[in-house]
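I need the structure of the sequence given here:
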Amino acid sequence: MNYADQQAWRDIQAHLPEKLHFTSDYAPTEEWWPCQGHRVHLDRFRNPDAPVRVIQFHGVGTNGRQMSMICGGPLWKLGYETVAIDMPTYGLTEPAKGKVISYDDWVSVADEFINFELAQDPRPIVLYGLSAGGMLAYHAAAVNGNVKGIVGMCFLDQREQFVRDGTARNLFMSRVGVPLAHISAATPLARLKLPMSLVAKMSTLVNDRAALRTCMRDKTSAGNWVTTKFLSSYMGAKPAVDLEDFDVCPIMLTQPAEDRWTPHAQSAPFIQRLTKVKTQTVMLENAGHYPLEQPGLDQMIEAIDSFIKSLDL
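You can find the predicted model right below:
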């Protein structure tokens with residue numbers, strides 16, 4: 001299946017400002033990339049004249065097409081080349097047969113994709129990540145080292161108990177469910193799948209109730225199920241480089257001001273620990289976790305544009 005044949009993203013798009021809607025003349029090109037046995041789906045806005053390319057990572061409640069709608073397309077209109085990747089078990093990517101996907105696989109795929117892109121084209125790369133995609137961008141950059149900047153809409157170190165408590169559906173899931181996931185991941189129960197809405201505070205993905213119902217119906221994003229192996233590896237993910245030692249590139253947090261899932265307090269400690277690179281935080285007015293609202297959406301694109309232009313490329 002291609003997104004051209006999927007209705008779910010169109011239903012979500014209906015809740016975004018009309019100027020962000022894709023049309024017959026304004027839409028990403030769909031591509032497939034083989035990696036580690038996966039058939040990975042890509043949404044790409046090509047621009048051979050762009051000085052910078054932006055790779056976008058979704059979180060555990062979204063997919064690549066949703067990144068293209070709010071970020072990839074608008075940045076392309078400003079002259080950048082962008083690509084959004086569907087990580088295994090999300091979006092339209094077809095995972096390798098028989099493989100139980102972990103968060104470590106996401107980091108590995110992200111790392112390989114950066115290398116793949118640079119092997120085809122040496123133009124500099126900036127990473128953008130929403131929700132769990134923010135930390136994925138950091139984890140990938142820490143492994144790879146070949147990116148010029150990172151933009152995240154929250155950076156969540158799930159090893160910290162206060163982060164788990166704030167992002168899990170409830171305290172039972174954070175205090176009991178996570179240890180159980182760690183135990184299960186080492187047994188045949190590693191394959192057991194759970195809906196993300198059961199374990200995470202998916203009810204705060206967007207702030208509009210009608211839009212939330214639409215998002216939750218999409219089984220390739222907010223309505224997805226993941227294995228206990230994925231949950232365990234995600235909750236315990238350790239970066240290749242500790243925050244205090246990270247010196248790869250500048251990092252910007254674009255924090256939705258009305259984010260009820262991961263408010264600023266969840267990401268602030270991450271930013272504060274980055275002492276060897278330039279950091280900045282931009283608040284997005286009126287915006288929820290997956291932002292549907294103005295002026296936050298425009299402020300996000302303006303902030304990313306300014307951030308990229310400030311980089312030493």
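
Test of understanding: give the bridge partners of the closest residue to Gln280 other than its chain neighbours.
Leaving aside its sequence neighbours, Gln280 sits nearest to Met252 (C-beta to C-beta, 6 or more residues apart in numbering; 5.1 Å). Using the backbone N, CA and C atoms, a C-beta is placed for each residue, glycine as well. In this entry, Met252 is beta-bridged to Val151, Gln280, by DSSP bridges.

Against Gln272, how distant is Met252?
14 Å (C-beta to C-beta, to the nearest Å).

Report the contact partners of the residue nearest to Gln280.
The contact partners of Met252, by C-beta atoms under 8 Å, 6 or more residues apart in numbering, come to 149-152, 279-282, 303-304, 307.

Kindly recompute the last result at 6 Å.
151, 280, 307 (C-beta atoms under 6 Å, 6 or more residues apart in numbering).

Any quick ChimeraX command for the buried ones out of the residues you listed?
Filtering those down to the buried ones (16 or more other C-beta atoms under 10 Å) takes a single ChimeraX command:
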select :151,307
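
ok, so of the contacts of Met252, who is nearest Gly236?
Nearest to Gly236 among those, counting by C-beta to C-beta, is Val151 at 24.9 Å.

In this structure that closest one contacts Ile304, no?
Yes. Taking C-beta atoms under 6 Å as the definition, Val151 is a contact partner of Ile304 at 5.4 Å.

sorry, back to before: ok, the residue nearest to Gln280 to Leu192 distance?
37 Å.

CA atoms only: put the lengthiest helix in the chain into PDB for me.
What stands out as the longest helix in the chain, according to DSSP state H, is helix 103-120. Extracted in PDB, the C-alpha atoms of helix 103-120 (Å, rounded to 0.1, in the frame of the first residue of the first chain):
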ATOM      1  CA  TYR A 103      13.700   0.500  19.700                       C
ATOM      2  CA  ASP A 104      17.300  -0.400  19.100                       C
ATOM      3  CA  ASP A 105      16.200  -1.400  15.600                       C
ATOM      4  CA  TRP A 106      14.800   2.100  15.100                       C
ATOM      5  CA  VAL A 107      18.200   3.700  16.100                       C
ATOM      6  CA  SER A 108      20.000   1.300  13.800                       C
ATOM      7  CA  VAL A 109      17.700   2.000  10.800                       C
ATOM      8  CA  ALA A 110      18.000   5.800  11.400                       C
ATOM      9  CA  ASP A 111      21.800   5.500  11.500                       C
ATOM     10  CA  GLU A 112      21.900   3.400   8.300                       C
ATOM     11  CA  PHE A 113      19.500   5.900   6.600                       C
ATOM     12  CA  ILE A 114      21.700   8.800   7.400                       C
ATOM     13  CA  ASN A 115      24.700   6.900   5.900                       C
ATOM     14  CA  PHE A 116      22.600   6.000   2.900                       C
ATOM     15  CA  GLU A 117      21.600   9.500   2.200                       C
ATOM     16  CA  LEU A 118      25.100  10.800   2.600                       C
ATOM     17  CA  ALA A 119      26.500   8.100   0.200                       C
ATOM     18  CA  GLN A 120      24.000   9.300  -2.400                       C
END
